[in-house]
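>>> just to be clear, the model below is a prediction. Sequence and coordinates:
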Amino acid sequence: MKKLVIVATMAIAAVTFMSCGNSTPKADLKNDVDSMSYAMGYSQTQGLKEYLVGRMQIDTTYMDEFIKGLNVGASAGDDKKKAAYYAGIQIGQQISNQMVKGINSEVFGADSTKSISLKNFLAGFAAGTTGKGTVKMTMEEAMKIAQTKMSQIKAKSMEKQYGANKAAGEKFLKDNAKKPGVKTMPSGLQYKVIKVGNGPMPKDTSMVVVNYEGKTIDGKVFDSSYTNKKPVTMRVNQVIPGWTEALLHMPAGSSWEVYIPQNLAYGEREAGQIKPFSTLIFKIELLEVK
């Protein structure tokens with residue numbers, strides 16, 4: 001699980017829901033210090049509105065409310081109790097507006113009808129912060145549980161959304177296995193030899209030079225070195241598992257058409273134009289083993 005970082009600082013002041021005073025302080029420039037103070041305050045707002053809108057998602061319709069909160073925060077001085085309260089409000093808004101949305105996107109993908117439980121998230125957040133939670137666990141246990149549950153829930157969600165891709169791929173491979181010249185490896189990877197090479201076979205750590213074209217089972221090309229008219233150099237063990245397995249069995253000079261089951265490709269992940277659980281077809285020319 002990606003580590004989620006809360007940015008709890010701001011150049012000017014903490015934002016708060018509380019209001020204290022209904023107006024912005026009026027400038028009263030009686031001397032040089034007054035003029036300097038006003039000018040310094042003004043100059044510190046450069047880029048602030050863009051920060052509020054872009055990073056904190058503040059609606060500029062409510063800038064007067066921001067100023068009220070600004071006044072409250074500034075007037076609190078070094079009051080530690082108020083500082084803690086205002087920090088809690090700011091982080092709480094970041095949890096709601098950024099973290100929860102990010103987690104939902106990672107776990108549930110495009111399914112906007114699903115969401116994590118904000119109530120239980122906050123309960124866990126508070127317990128981890130104060131050590132007063134009713135459910136006892138260590139940080140290591142929490143991270144392990146979160147990772148495990150996230151993977152399980154994400155897999156179920158992706159299966160529900162893209163299960164048709166998985167079924168279509170399985171049917172394609174079943175039918176394809178019956179075609180002349182197609183061979184199936186124990187892993188389920190299928191291939192057809194287009195040209196037999198007589199060069200050395202690569203090892204998993206070898207660098208190889210290849211030409212390739214990748215497409216989905218409906219014939220849509222999503223990537224091709226032929227488009228750029230330039231072969232690609234890659235390490236055998238740094239590609240998807242289906243590629244690695246195929247390359248390890250190809251003598252240099254070979255050309256294969258490879259049919260990669262989704263579990264040996266990108267699985268539940270979405271990769272550019274490739275949807276989750278997609279079976280892929282690659283034409284691979286192994287030009288050189290370095």
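Sure thing, it's come through.

>>> pull out the buried residues from stretch 206-226.
206, 208-214, 216-217, 223, 225 (16 or more other Cβ atoms under 10 Å). (Each C-beta comes from the backbone N, C-alpha and C, glycine too.)

>>> so which of those residues comes closest to K80?
Nearest to K80 among these is D223, at 56.4 Å by Cβ to Cβ.

>>> how about the host helix or strand of M63: buried residues?
Here M63, judged by DSSP states H and E, is contained in helix 63-75. For helix 63-75, burial by neighbour count (16+ other Cβ under 10 Å) applies to 66-73.

>>> just curious, which of those is nearest to A177?
F66 (64.0 Å).

>>> now stretch 108-122, how far from the chain's geometric center?
16 Å (Cα atoms, centre = their mean, to the nearest Å).

>>> hmm, back to that, closest one of the buried residues of helix 63-75 to Q44?
The closest of those, once distances to Q44 are taken by Cβ to Cβ, is L70, at 11.5 Å.

>>> for that closest one, give its distance to K26.
From L70 across to K26, the span is 15 Å (Cβ to Cβ, to the nearest Å).

>>> N71 contacts P25, doesn't it?
Yes - applying Cβ atoms under 8 Å as the test, N71 and P25 come out as touching, 7.2 Å apart.

>>> now the strands for the stretch 151-290 of the chain?
Using DSSP state E, counting those that start in this stretch, the strands of the stretch 151-290 of the chain run over residues 182-184, 190-195, 207-216, 221-224, 232-235, 255-260, 280-289.

>>> should've said the stretch 1-150 of the chain
So, for the stretch 1-150 of the chain - with DSSP E, counting those that start in this stretch - there are no strands.

>>> so, low pLDDT: which residues of it?
1-24 (pLDDT under 70).

>>> try it again at 50.
By pLDDT under 50, the weakly predicted segments of the stretch 1-150 of the chain are 1-22.

>>> turn the strands of the stretch 151-290 of the chain into CSV, columns for mean pLDDT and distance to R55.
Shown next, in CSV, are the strands of the stretch 151-290 of the chain (pLDDT from 0 to 100; distance: least, Cβ to Cβ, whole Å):
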stretch, mean pLDDT, distance to R55
strand 182-184, 98, 52
strand 190-195, 98, 49
strand 207-216, 98, 37
strand 221-224, 96, 34
strand 232-235, 98, 38
strand 255-260, 98, 41
strand 280-289, 98, 38
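
>>> now those strands as TSV including distance to E170?
Formatted as TSV, the strands of the stretch 151-290 of the chain follow (distance: least, Cβ to Cβ, whole Å):
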stretch	distance to E170
strand 182-184	13
strand 190-195	12
strand 207-216	14
strand 221-224	20
strand 232-235	28
strand 255-260	12
strand 280-289	13
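
>>> which one of those strands lies closest to A164?
Here strand 207-216 is closest among the strands of the stretch 151-290 of the chain (Cβ to Cβ), at 13.0 Å.

>>> off-centre distance for the closest one?
Distance, stretch centre to chain centre, for strand 207-216: 26 Å (Cα atoms, centre = their mean).
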